[in-house]
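In: Next one to model:
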Amino acid sequence: MANSHTPVWPVHNLVIFDCDSTLSAIEGIDELARMGGQQHEVASLTKRAMEGDIPLEAVYGHRLVATRPTRKQVQAIAGVYRDAVVDGAAEVVAALQELGCTVFIVSGGLFEPVRDFGVWLGIPREQIFAVGMEYDQLEGDWWRYWEQPGGHNPGASYMSHEAHPLSAKNGKNQVIREIRAETPGRAMLIGDGGSDLEASPEVDLFVGFGGVAYRQRVAEKAPVYIHGRSLAPALPLAMGRLANTPRFARLWAEGLRRVANGEVTFNDKSLEGSFWSAAGRQ
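Out: The predicted model follows:
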């Protein structure tokens, strides 16, 4: 039985991940823009929105109008997400779920590829939130319905995006509040962008992730910031010593080693002390 005076790092039974530049090392909209030859304009807008320089709603529709992706292109992004999965992401998601955490994806990306990528990671479909799209079904060979998989025209192109909170400022706040109303317990959010930082008041711990894209404001304001390229530290940060089980001991130890090696910065120094005391290091 543990000594009653041994510090305990709180267990977060609800873990929410961003998708682009967090679970996967790409921005899906930038990949769509590359397919359409609009990568420079769109990448610049994405960067400014993620860093909080301009409101997300000011650029969301503009980026899609500029690229006008087809259904086939949108669906292909799921494979690009998988090919660029961040080191440790799949293992951490699997470990968290087997240890009893409820894992969500809350993303401003497009629902179809984010959903398919999240399901590939093992996250239930109903725990994945992103922005839906409507297509112009009268483009491409729409009339060749007998050749269209599932009755969907792959040549249909972007017409409009869903009026969804995640396509606007503070949308993640709203979605996370709704999730927490249905899923009680301590919550941790992991993400790279300004919208994730803005949503931090809705959770018990916000962990910024800079392993793919460094956002200065997030790096400076997040209570905890991972700047290494692996998500392995997310496991001990979410679960503390509870994750040090025979099955996950190696992943837990890797996460702890990366924290010790300086891949994680505790901007909140009180959290750093609590974390290491609970981990057994004085």
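
In: Can you pull the poorly scored residue ranges out of the stretch 151-282 of the chain?
Out: Low-confidence segments of the stretch 151-282 of the chain, defined by pLDDT under 70: 151-163, 280-282.

In: try it again with 90
Out: The model of the stretch 151-282 of the chain has pLDDT under 90 over residues 151-169, 277-282.

In: any idea where the strands of it begin and end?
Out: Counting by DSSP state E, counting those that start in this stretch, one finds strands in the stretch 151-282 of the chain at the ranges 157-161, 187-191, 205-209, 224-226, 264-266.

In: now the fourth one, how far from the chain's geometric center?
Out: Just to be clear, that refers to strand 224-226. Mean-position distance between strand 224-226 and its chain equals 14 Å (Cα atoms, centre = their mean, to the nearest Å).

In: hang on, the earlier thing: which one of the strands of the stretch 151-282 of the chain lies closest to residue 106?
Out: strand 187-191 (8.0 Å; Cβ to Cβ). Where you see a C-beta, it was placed from the backbone N, CA and C, and this is true even at glycine.

In: And the contacts of the closest one?
Out: For strand 187-191, the surrounding residues in contact (Cβ atoms under 8 Å, 6 or more residues apart in numbering) are 12, 14-18, 22, 106, 176, 179-180, 196-197, 199-200, 202-209, 226, 231, 234, 237-238.

In: run the last query once more with 7 Å
Out: For strand 187-191, contacts defined as Cβ atoms under 7 Å, 6 or more residues apart in numbering pick out 12, 14-18, 22, 180, 196, 199-200, 203-207, 209, 234, 238.

In: Mark which of these are buried, thanks.
Out: The neighbour count (16 or more other Cβ atoms under 10 Å) marks 12, 14-18, 22, 180, 196, 199-200, 203, 205-207, 209, 234, 238 as buried among these.

In: Can you pull out the low-pLDDT segments for the stretch 1-150 of the chain?
Out: 1-9, 29-74, 132-150.

In: what ranges do the strands span in it?
Out: 14-17, 102-110, 128-131, 133-136.

In: Distance to residue 53 added to those strands, as JSON lines?
Out: Converted to JSON lines, these look like this (distance: least, Cβ to Cβ, whole Å):
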{"stretch": "strand 14-17", "distance to residue 53": "24"}
{"stretch": "strand 102-110", "distance to residue 53": "15"}
{"stretch": "strand 128-131", "distance to residue 53": "21"}
{"stretch": "strand 133-136", "distance to residue 53": "25"}
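
In: Just say which of the ones you listed is most tucked in.
Out: Stretch with highest mean neighbour count among these: strand 14-17 (a mean of 26; mean count of other Cβ atoms under 10 Å).

In: and that strand, what other elements does it pack with?
Out: strand 102-110, strand 187-191 (3 or more Cβ pairs under 7 Å, 6 or more residues apart in numbering; DSSP states H and E).

In: Reformat the ones you listed as CSV; add distance to residue 38.
Out: Formatted as CSV, those follow (distance: least, Cβ to Cβ, whole Å):
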stretch, distance to residue 38
strand 102-110, 16
strand 187-191, 25
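
In: Go through those and name the closest to residue 165.
Out: Judging the helices and strands packed on strand 14-17 by Cβ to Cβ, what sits closest to residue 165 is strand 102-110, at 9.6 Å.

In: Keeping just the C-alphas, turn that closest one into CSV.
Out: Extracted in CSV, the C-alpha atoms of strand 102-110 (Å, rounded to 0.1, in the frame of the first residue of the first chain):
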residue,chain,number,x,y,z
THR,A,102,-11.7,7.7,-22.9
VAL,A,103,-9.8,9.2,-25.9
PHE,A,104,-11.3,11.8,-28.2
ILE,A,105,-10.1,13.7,-31.3
VAL,A,106,-11.3,17.3,-31.6
SER,A,107,-10.1,18.9,-34.8
GLY,A,108,-10.8,21.8,-37.1
GLY,A,109,-9.9,19.5,-40.0
LEU,A,110,-12.3,17.8,-42.4
